[in-house]
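In: turn this into a model:
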Amino acid sequence: MKNQTAQNLNESQVETEEITISMEKIEQLKQEVDQKMIDGIYYSKLFDFLGDKGLEGKAVKVKVVLDLSVIRDEDIIKDKELRDSLRELPGQEFVITSCWPCNGNQWCR
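Out: Numbering: from 1, shown residues only. Below you'll find the predicted structure:
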């Protein structure tokens, strides 16, 4: 009985570790996309356009939408751990939203 309980505990620990690893990959993806969105706005003509419209320094939300059905059906993501993590997400889309220029390393709510 003790061996079976220990085995069940070890299986639970493995499942928890896999979920943690999956969420770490997804969080890393969010951070990298956020930085690229900020870079894209800052180094483009969009920065000047927002300033001309009086939106410089205001909360501007930028969204990247990943079509999870494509990610589930095709092996387009080379990083297997990230690909598997995204395939586990519920729904058809994964939306990454960044506020700029006020993000302060925080995600929009």
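In: ok but M37 is inside a helix, no?
Out: Yes. Under DSSP: H, G, I helix; E, B strand; the rest coil, M37 sits within a helix.
In: and it, how many neighbours?
Out: As a burial measure, M37 scores 20 neighbours (other Cβ atoms under 10 Å). Glycine gets a C-beta too; all of them are placed from N, C-alpha and C.
In: so it makes contact with L46?
Out: No. M37 lies out of contact with L46 (Cβ atoms under 8 Å); the separation is 10.6 Å.
In: sec struct for D75, please.
Out: coil.
In: wait, it sits on D84?
Out: No. Using Cβ under 8 Å, D75 is not in contact with D84; the gap is 10.8 Å.
In: of those two, who's got more company?
Out: D84 (14 against 8).
In: burial measure for D79, as a count.
Out: 12.
In: again, but for L86
Out: 19.
In: is it fair to say it lies in a helix?
Out: Yes. Assigned with three-state DSSP, L86 falls within a helix.
In: contacting residues around it?
Out: Counting by Cβ atoms under 8 Å, 6 or more residues apart in numbering, L86 touches 26, 29, 66, 68, 71, 77, 94.
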